[in-house]
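Asks: Model the following, please.
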Amino acid sequence: MADEVEESEIEEVQAGDSNGDKSKNEANKALSSMTDSRVPEIEMDSSKVSKAMSDLDAAQKARKAATLIKEKALAAIKIDKVDVEAIAYEMMVDKKLAERRLRECGGDMMAALKSFQ
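Replies: Numbering: from 1, shown residues only. All right, here's what the predicted structure looks like:
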């Protein structure tokens, strides 16, 4: 039965009604006229593009440098492992997050615990 349906669909496609071809041609012409006349071409100034790309690159490098400085400053803060374990246990977070929050709070355990609320 499925073969019969497929065969009838194939026959319909192969028959190719002339009205169908005519409407396809009209649709193609309409599409061409819409895209050809309504989309103006814009020329890009290559120097402006180059400057924009270099500005983006510089901004990305600055963000990376700032992140690196912040990470070094956080790594320099002395913390107790007991405090990290206590925060992780009390707040039910993993030790990495507890350590990060404790460092961000300057090693102050009470401030780190309050920051989770």
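Asks: Confidence-wise, which helix or strand of the protein is lowest on average?
Replies: Here the helix or strand of the chain ranked lowest by mean pLDDT, DSSP states H and E is helix 2-15, holding a mean of 52.
Asks: Can you give me the pLDDT of the residue nearest in space to the middle of the chain?
Replies: The centre of the chain sits closest to Gln60, judged by CA atoms, centre = their mean, with a distance of 16.0 Å. The pLDDT attached to Gln60 in the predicted structure is 96.
Asks: List the residues that contact it.
Replies: Contacts for Gln60 (CB atoms under 8 Å, 6 or more residues apart in numbering) come out as none. No exception for glycine: its C-beta is placed from N, CA and C like everyone else's.
Asks: Return the distance of stretch 60-72 from the chain's centre.
Replies: Mean-position distance between stretch 60-72 and its chain equals 21 Å (CA atoms, centre = their mean, to the nearest Å).
Asks: neighbouring contacts of stretch 79-98?
Replies: Glu99, Arg101, Leu102, Arg103, Gly107, Met109, Ala112, Leu113, Phe116.
Asks: Poorly predicted segments of this structure, please.
Replies: 1-20, 33-41 (pLDDT under 70).
Asks: ranges for the helices of it?
Replies: Listed in chain order, the helices of the chain (DSSP state H) span 2-15, 18-38, 46-76, 81-91, 95-104, 109-115.
Asks: List the buried residues for the last one?
Replies: By neighbour count on 16 or more other CB atoms under 10 Å, the buried set for helix 109-115 is Met109, Ala112, Leu113.
Asks: what's the offset of it from the middle of its chain?
Replies: 33 Å.
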